[in-house]
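K.L.:
got a sequence here, can you model it:
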Amino acid sequence: MKKNHKTVLSLALGAAALASMTLASPMQTVNASEARYQQTIEFEDAANYDSAGDSRIESSQFGNYSGSGYLYLTSGWGDVSFSVPHDGEYTITIASNADSYKENYLYLDETDAGKLTTEGNGWQEYTSTYYLSEGSHKFGVSADWGYTALDYVKIESVSANDSKAPDETDDTQSAVQQNPASSSQSGNRYEFEHANRFEQNGKNRIEDTVFSGYSGDGYLYLESGWGEVQFTVPSDGTYKLTIVTNADTYKENYLYLDDNSAGTLKTSGNRWESYTQTVYLSAGTHKYGVSTGWGYTALDYVTVEAQGSQPSPSEPVTPSGNGMYVSNGRLYNAYGKEFVMRGVNVAHAWYPGETQTSINAIADRGANCVRIVLADGTQWGKTPRSEVEQIISWCEARGLVCILEVHDHTGFDDVNRLNTAVNYWLEIKDLLNAHQNYVILNIANEWLGTWNNGSTWTSAYQSAIRTLRNAGIGNVIMVDTSGYGQETSTCISNSQKVVSADSTGNTMISIHMYSVAGKDSQTVTNNINSMVSTGVCFCIGEFGDWQNGGDVDETTIMRLCTDKNIGYAAWSWKGNGGIDTSLDMANDWQGSSLTNWGNYVFYADGIGIRDTARSAY
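P.N.:
Residues are numbered from 1 along each chain as shown. Okay, here's the model as predicted:
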């Protein structure tokens, strides 16, 4: 049985961005001309935590922390103390990490300050705004699920000394966050109270009394049913959607975009907070809203902000560069824009009559590449040049990068079989060279099934790469690792030697993550981090959520690929048989409906193809 997938929130700040931040000094900063106060306090420096359990200061489990370490809170509590110079509003930001999704509780002085949700496998920041009186305060975390790393707390003044205290008679507003954008606008803002689009069931209503600090004239208080805003975008492209909500306690509801699910909306409670996701929108009118799960949530507004125009998938830009290339461990398009694969495998060699339909359906769902199964005639009927040319044209017409691979030699150890695949590419080298902007050459699928034979893998692929380059093939080359694509130790140890055989430097590695390389969170994390440390460009060329009776941690695969800008291509659109039937992503070739696996790959919040794919051109 296919397992249930936990919905994953997209984060406003990814691990890579957090790792590159320049953090404020742990000293306070006050700008005299603006009366601006800022202080950053490291948890390891504060060293104030419940010592009764196993909580501790450490630095080994997670990297990219600031300072000299972090507080690993397994149970109990941990906090930092600070002083502010005057009454007023302050933002308080806390950075946390964990090995998987965790929920804990925040407190400010002796008052509950809401819920801290930590997505896991990446440092993330959570920011709230509070009214603080002059003097000393403490801010910390009380463990619920525990086992969470706490890096630092940053306190910044929002306004000068004339900030006014909230109305003390309004007991619903103690320690309530001011709407994060009540005095400024980013992109086009759509107020729920102005849209006035919600289910008329006698419970939902436009109001302004339960919570203060909203923008506009009020908000939609959604008890049950649905509420939405409508907006129009002028062109196809990627847009950032931000929704601002509040509630009396923690709530979970469901987001939708047009007629599609857009994930879970989690509202911590007792503060206005924003949730942001990035989506691809076609030109025209759209609706974005909330369908209740728990309900009883205040919806303030939605902002829509263009993230840079993109060509319509049906009208791709014709690149003018010299082809895709690899540099400093990253893949780039012909113009020098980094390209991160978000794609699907397509079984052309076995179902050639369904390939065009599949490519169009995958493009319609928002992918930016496809990996195409071809055959050189050794095991299956040879894919003729004319079909390869058609496949490339179909991909280019939809703006998809086309990864071509020969599948006949899966699991075989004979070097002559690898050379047979090389000869297939040499036969169509002029066709490949004519499409270097879109075509990546994946020499052979999962050649060398035997494990612990790194020297053969290395020398055979060094020779294959030199042969292809000496013949004048200029496309980016992709090499699958050994052990049916899952022996990561081979590529971790030898990938630098393999890619160095390429005189152009344009070779990358592909790992396939199933029930061995992708069996659990720790294995996935170790494999990906180890490959990153090699400095070699790589991707996850295949992965599933299950294989041969073994589980695969697809969530960690997709989350780490998102955090670290690593490409992935899921296996596979349709056509699997026997024990692998559950790896079909679509219920029909047209993609009119998706399987659970397909839905997760495309629509998992913040890590799926819909939220993370950017077209190559």
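K.L.:
quick one, strands of the stretch 101-250 of the chain?
P.N.:
All strands of the stretch 101-250 of the chain, identified by DSSP state E, counting those that start in this stretch, fall at 102-108, 111-118, 124-132, 135-142, 148-157, 188-191, 197-198, 205-207, 219-222, 226-233, 237-246.
K.L.:
which strands and helices sit next to the fifth one?
P.N.:
So the one you mean is strand 148-157. Contact analysis of strand 148-157 by 3 or more CB pairs under 8 Å, 6 or more residues apart in numbering; DSSP states H and E lists strand 36-42, helix 43-46, strand 70-73, strand 77-84, strand 88-97, strand 135-142 as its packing neighbours. Heads up, the C-betas are built off the backbone N, CA and C, glycines and all.
K.L.:
between those, which one is closest to residue 549.
P.N.:
The closest of those to residue 549 is strand 88-97. By CB to CB, the value is 32.3 Å.
K.L.:
per-residue pLDDT, residue 321?
P.N.:
If you check residue 321, the pLDDT there is 58.
K.L.:
ditto for residue 73
P.N.:
At residue 73, pLDDT is 93.
K.L.:
just give the number of residues close to it.
P.N.:
By other CB atoms under 10 Å, the residues close to residue 73 number 28.
K.L.:
for the nearest residue to residue 350 once chain neighbours are set aside, give me its contacts.
P.N.:
Nearest residue to residue 350, sequence neighbours excluded (CB to CB, 6 or more residues apart in numbering): residue 575, at 5.9 Å. For residue 575, the contact set (CB atoms under 8 Å, 6 or more residues apart in numbering) comprises 347, 350, 351, 354, 584.
K.L.:
can you tell me which of the residues you listed are in helices?
P.N.:
If you go by DSSP state H, these have nothing in helices.
K.L.:
now the buried members of the residues you listed.
P.N.:
With neighbours counted by 16 or more other CB atoms under 10 Å, those contain buried members at 347, 351, 354, 584.
K.L.:
strands - which of those residues land there?
P.N.:
Among the buried ones among the contacts of residue 575, none falls in strands (DSSP state E).
K.L.:
so which of those residues is the closest to residue 143?
P.N.:
The closest of those, once distances to residue 143 are taken by CB to CB, is residue 584, at 41.5 Å.
K.L.:
these two touch, right, the closest one and residue 598?
P.N.:
Yes: shown here, residue 584 and residue 598 form a contact pair, counting by CB atoms under 8 Å, at 7.4 Å.
K.L.:
and the residue nearest to residue 350, helix, strand or coil?
P.N.:
Three-state call for residue 575 (DSSP: H, G, I helix; E, B strand; the rest coil): coil.
K.L.:
give me the distance between it and residue 391.
P.N.:
15 Å (CB to CB, to the nearest Å).
K.L.:
mind listing the strands for the stretch 501-617 of the chain?
P.N.:
507-513, 538-543, 546-547, 550-551, 567-570.
K.L.:
got JSON lines for those strands, with mean neighbour count and distance to residue 242 too?
P.N.:
Below are the strands of the stretch 501-617 of the chain laid out as JSON lines (neighbours: other CB atoms under 10 Å; distance: least, CB to CB, whole Å):
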{"stretch": "strand 507-513", "mean neighbour count": "26", "distance to residue 242": "32"}
{"stretch": "strand 538-543", "mean neighbour count": "26", "distance to residue 242": "29"}
{"stretch": "strand 546-547", "mean neighbour count": "21", "distance to residue 242": "35"}
{"stretch": "strand 550-551", "mean neighbour count": "12", "distance to residue 242": "35"}
{"stretch": "strand 567-570", "mean neighbour count": "26", "distance to residue 242": "26"}
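K.L.:
got CSV for these, with distance to residue 277 too?
P.N.:
Putting these into CSV (distance: least, CB to CB, whole Å) gives the following:
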stretch, distance to residue 277
strand 507-513, 25
strand 538-543, 22
strand 546-547, 27
strand 550-551, 27
strand 567-570, 19
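K.L.:
among the ones you listed, which is nearest residue 194?
P.N.:
When the strands of the stretch 501-617 of the chain are compared (using CB to CB), the closest one is strand 567-570, at 40.2 Å.
K.L.:
what's next to the closest one, contact-wise?
P.N.:
So strand 567-570 is contacted by 331, 339-345, 369-371, 403, 539-544, 557-558, 561, 585, 597, 601 (CB under 8 Å, 6+ apart).
K.L.:
mean confidence score for that strand?
P.N.:
Mean predicted confidence for strand 567-570 is 98.
K.L.:
hmm, back to that, most neighbours per residue, which of the strands of the stretch 101-250 of the chain?
P.N.:
Comparing the strands of the stretch 101-250 of the chain by mean neighbour count (mean count of other CB atoms under 10 Å), strand 219-222 ranks first with a mean of 27.
K.L.:
using CSV, list the CA coordinates for that strand.
P.N.:
Below are the C-alpha coordinates for strand 219-222, written out as CSV (Å, rounded to 0.1, in the frame of the first residue of the first chain):
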residue,chain,number,x,y,z
TYR,A,219,-10.8,41.0,7.5
LEU,A,220,-12.8,37.9,6.6
TYR,A,221,-13.5,35.7,9.6
LEU,A,222,-13.9,32.2,8.1
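K.L.:
give the pairing partners of it; include direction for each.
P.N.:
strand 205-207 (antiparallel), strand 297-309 (antiparallel) (DSSP bridges).
K.L.:
residue 231: which of those is closest?
P.N.:
Among the strands paired with strand 219-222, the nearest to residue 231 by CB to CB is strand 297-309 (5.3 Å).
K.L.:
and the closest one with strand 226-233, angle?
P.N.:
20 degrees (axes from the mean of the first three to the mean of the last three CA atoms, to 10 degrees).
K.L.:
past strand 297-309, which element shows up next along the chain?
P.N.:
Per DSSP states H and E, the first helix or strand lying C-terminal to strand 297-309 is strand 325-327.
K.L.:
you'd agree residue 573 is up against residue 350?
P.N.:
No: Residue 573 is beyond contact range of residue 350, at 11.7 Å (criterion: CB under 8 Å).
K.L.:
so what's residue 55 up against?
P.N.:
By CB under 8 Å, 6+ apart, residue 55 lies in contact with 49, 71, 72, 73, 74, 75, 76, 78.
K.L.:
would you turn those into a markdown table with distance to residue 234?
P.N.:
Listed next are the contacts of residue 55 as a markdown table, based on distance: CB to CB, whole Å:
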| residue | distance to residue 234 |
| --- | --- |
| 49 | 52 |
| 71 | 48 |
| 72 | 48 |
| 73 | 47 |
| 74 | 51 |
| 75 | 52 |
| 76 | 53 |
| 78 | 49 |
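K.L.:
now, of these, which are buried?
P.N.:
Buried subset of the contacts of residue 55 (neighbour count, 16+ other CB under 10 Å): 49, 71, 72, 73, 76, 78.
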